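1. Just a sequence and a predicted model for now, questions to come.
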Amino acid sequence: MQPATPAMVQPNDPTEVHFFEQLQRTVGERNFDHWFNKKITLACDGEQLSIGVGSPFLLTWMQKQFHRPLTEVAQSTYGPAVSVRLQVDSSLVLTDKSETNVSPKKPKNKSPKTAERQTAQRTTGSRTPQSRRFADLAEFVPGSSNELALTASRQVCEAPGEKFNPLFLHGGVGIGKTHLLEGIYRSVRREFPQLQVMYLTSEAFTNFFTQALREHTLPSFRRRFRNVDVLLVDDIDFLESKRAIQEEFLHTFKQLESHGRQIVLTSDRHPRLLTKMSDELTTRCLSGLVCRIESPQLETRRKIVKFKAARLKTEITPEALNFIAERFRNNVRELEGALNCLSTFSHMTGKRVGVTAARRVLADLERDCIRVVRMTDVEQAVSRFFGVPTEDLKSSRRHRSVSRPRMLAMFLARKLTQAAYSEIGQYFGGRNHSTVMSAERNVKGWLEQGTPIDVASQSWPLEDVLEALEQQLMAG
């Protein structure tokens, strides 16, 4: 039953070494030598620890006898949110071909053949849980809106830690940041299997840290994050206003950077627009390469729709695909949603989807996707962005730190709500229509002249500030 000499090497990663040391203390030296020592493989993907064993029978036996202690040790070593999954690993070559003829110490009335039958029943009677499938860079559709970010991501995959460190990807929702991050993870794991690669969200990092604080396991937490070769963190803007967690992440950042380890981060905004992030963390994000990903242009949207429609294996005419690309402009998720609607309609009717059917089927989806922006939304967005209280935007204060955000709020209210000048003026402190018209002219003039605006003591192009505000407002 037990493999004599599986094809496995001793762990070199400090976190894995710690895992095996803890496991030995937990299950005892005899059980450890018999079942674990040089007989299992470990692979941690974000919040799941996959433990490989040598055969289906061993899988059943290990799940029954050791799943609980394995989970306890994994959470102690890799963090409290990690889960354990046992699976058969083909790399664990068995040299003992008669494993089912060896009788281990086991509960009475439980033979190896019975266990094997139960394994077969579970395999045929229920679906085996699948680990997360990471996106592939080869499936990322390039275009003028993302070509710099895609090129940088590929170069990071070719030489982790050597070219752009950190690589910072930013842009609106649903335009490919996470796809690129997952693609980097998948590519580096494939090309450099000896490297320890970690992918997670900032929220997961926050949960790991707070749990480690609560359970007094900070040394284990730090070993886990500061010994990786490639750290990929999604939605770094989640750390805004969380000073203690920013400080911990900064120390992790500095440790990895000083040892030439690769860091890739994503955010919905440029580092300088993360106004509640610490200055040192912001400047370190700026020290590598910052790539902006924009909403896909029409030609890129056409390519995306064509690529994704081919994977759905649904008969949709080129005219219908072109209709989707022209009408759904904000992000890739909208395109996917429209395609899924047409695919469902096609399967329901058994008909090929033409442009007429597409117009009819997607009419409700277009209507439901309309985002109604109110003046209160504009006021709150500008207030949060510039750190100006809402009452100041309506006050008579004329200091530049207040008057400019107020003019931007009036400009955006006119552009996004189509409210009358007099209505906007009345809302922002009882001003008359000419004040709003003057604010609109001023903002348009600044845009034409390329006048920068101050945000959190930093000078920033007005065009980028307006784009960030509009993305927030349209995303709801």
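-> Nice, I can see it.

2. Next SSE downstream of the helix or strand hosting Phe411?
-> Assigned by DSSP states H and E, Phe411 belongs to helix 400-417. As assigned by DSSP H and E, the chain's next helix or strand after helix 400-417 is helix 421-427.

3. helices or strands up against that next one?
-> Packing partners of helix 421-427 (3 or more CB pairs under 8 Å, 6 or more residues apart in numbering; DSSP states H and E): helix 375-386, helix 400-417, helix 433-449. C-betas here are computed from N, CA, C, even on glycine.

4. Adding mean pLDDT, mean neighbour count and distance to Lys64, write the ones you listed out as JSON lines.
-> Listed next are the helices and strands packed on helix 421-427 as JSON lines, based on pLDDT from 0 to 100; neighbours: other CB atoms under 10 Å; distance: least, CB to CB, whole Å:
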{"stretch": "helix 375-386", "mean pLDDT": "87", "mean neighbour count": "20", "distance to Lys64": "53"}
{"stretch": "helix 400-417", "mean pLDDT": "89", "mean neighbour count": "21", "distance to Lys64": "60"}
{"stretch": "helix 433-449", "mean pLDDT": "91", "mean neighbour count": "15", "distance to Lys64": "67"}
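
5. Of the ones you listed, which is nearest Phe323?
-> Phe323 lies closest, by CB to CB, to one member of the helices and strands packed on helix 421-427: helix 400-417, at 25.6 Å.

6. ok and the closest one relative to helix 433-449, angle-wise?
-> 100 degrees (axes from the mean of the first three to the mean of the last three CA atoms, to 10 degrees).

7. what does helix 400-417 contact?
-> 373-375, 378-379, 381-383, 385-386, 388, 392-393, 395, 397, 419, 421, 424-425, 427-428, 435-436, 439-440, 442-444, 453-454, 465-466, 469-470, 473-474 (CB atoms under 8 Å, 6 or more residues apart in numbering).

8. before we move on, back to that, would you turn the helices and strands packed on helix 421-427 into CSV with distance to Thr15?
-> Listed next are these as CSV, based on distance: least, CB to CB, whole Å:
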stretch, distance to Thr15
helix 375-386, 39
helix 400-417, 47
helix 433-449, 51
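
9. Can you tell me which of those helices is nearest to Gly52?
-> Closest among these, using CB to CB: helix 375-386, at 47.3 Å.

10. send the alpha carbons of the closest one over as CSV?
-> Extracted C-alpha coordinates of helix 375-386, given in CSV (Å, rounded to 0.1, in the frame of the first residue of the first chain):
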residue,chain,number,x,y,z
MET,A,375,-26.2,65.3,-8.4
THR,A,376,-25.8,63.8,-4.9
ASP,A,377,-23.7,61.0,-6.5
VAL,A,378,-21.4,63.7,-8.2
GLU,A,379,-21.1,65.6,-4.9
GLN,A,380,-20.1,62.6,-2.9
ALA,A,381,-17.7,61.3,-5.5
VAL,A,382,-15.9,64.6,-5.7
SER,A,383,-15.9,65.0,-1.9
ARG,A,384,-14.3,61.6,-1.4
PHE,A,385,-11.8,62.1,-4.2
PHE,A,386,-10.4,65.4,-3.0
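
11. C-terminal to that helix, what's the next element?
-> Following helix 375-386 in sequence, per DSSP H and E, is helix 390-393.

12. buried sites along that next one?
-> Buried residues in helix 390-393, counted by 16 or more other CB atoms under 10 Å: Asp392, Leu393.

13. Who are the packing partners of it?
-> helix 375-386, helix 400-417.

14. And the helices in the stretch 1-150 of the chain?
-> 14-27, 29-31, 56-78, 112-125, 147-158 (DSSP state H, counting those that start in this stretch).

15. Please name the residues that touch the residue nearest to Met407 when sequence neighbours are not counted.
-> Using CB to CB, 6 or more residues apart in numbering and skipping the chain neighbours, the partner closest in space to Met407 is Ala439 (3.8 Å). For Ala439, the contact set (CB under 8 Å, 6+ apart) comprises Arg406, Met407, Met410, Phe411.

16. what do you get if the cut-off is 10 Å, keeping everything else the same?
-> By CB atoms under 10 Å, 6 or more residues apart in numbering, the contact set of Ala439 is 403-404, 406-411, 413-414, 421, 424-425, 428, 431.

17. Phi, psi for Trp460 please.
-> phi -140, psi 140 (degrees, to the nearest 10).

18. beta partners of it?
-> Ile453 (DSSP bridges).

19. Lys276: what secondary structure?
-> coil (DSSP: H, G, I helix; E, B strand; the rest coil).

20. How many residues are close by the closest residue to it other than its chain neighbours?
-> Nearest residue to Lys276, sequence neighbours excluded (CB to CB, 6+ apart): Glu240, at 4.0 Å. When neighbours are counted by other CB atoms under 10 Å, Glu240 registers 16.

21. ok, Phe164 to Gln262 distance?
-> 9 Å (CB to CB, to the nearest Å).

22. where do the contact lists of these two overlap?
-> Counting by CB under 10 Å, 6+ apart, the residues touching both Phe164 and Gln262 are Val156, Gly288.

23. who has more neighbours, the two?
-> Per other CB under 10 Å, whichever of Phe164 and Gln262 has more neighbours is Gln262, with 27 against 20.

24. Which pLDDT value goes with that one?
-> The score at Gln262 is 95. That number is its pLDDT.

25. What of Ser131?
-> Value for Ser131, per-residue pLDDT: 57.

26. Endpoints of stretch 390-399, how far apart?
-> 15 Å (CA to CA, to the nearest Å).

27. swap that for stretch 155-173, sorry
-> Stretch 155-173 has an end-to-end distance of 24 Å (CA to CA).

28. What mean pLDDT does that stretch get?
-> 91.

29. again, but for stretch 25-34
-> Mean predicted confidence for stretch 25-34 is 86.

30. from the chain's centre, how far out does it sit?
-> 38 Å (CA atoms, centre = their mean, to the nearest Å).

31. list the buried ones in that stretch?
-> Quick answer for stretch 25-34 (16+ other CB under 10 Å): Thr26, Val27, Asn31, Phe32.

32. If we ignore the residues flanking it in sequence, what's nearest Ile301?
-> Let me fix one detail, which is that residue 301 is Arg and not Ile. Using CB to CB, 6+ apart, the nearest residue to Arg301 is Ala325, at 4.0 Å.

33. what about that neighbour, which helix or strand?
-> helix 318-327.

34. what about Asn187, which helix or strand?
-> Slight slip there: residue 187 is Ser, not Asn. helix 177-191.

35. tell me which residues in that helix are buried?
-> In helix 177-191, counting by 16+ other CB under 10 Å, buried: 177-189.

36. what angle separates that helix from helix 147-158?
-> Using the same axes, to 10 degrees: helix 177-191 against helix 147-158 is 20 degrees.
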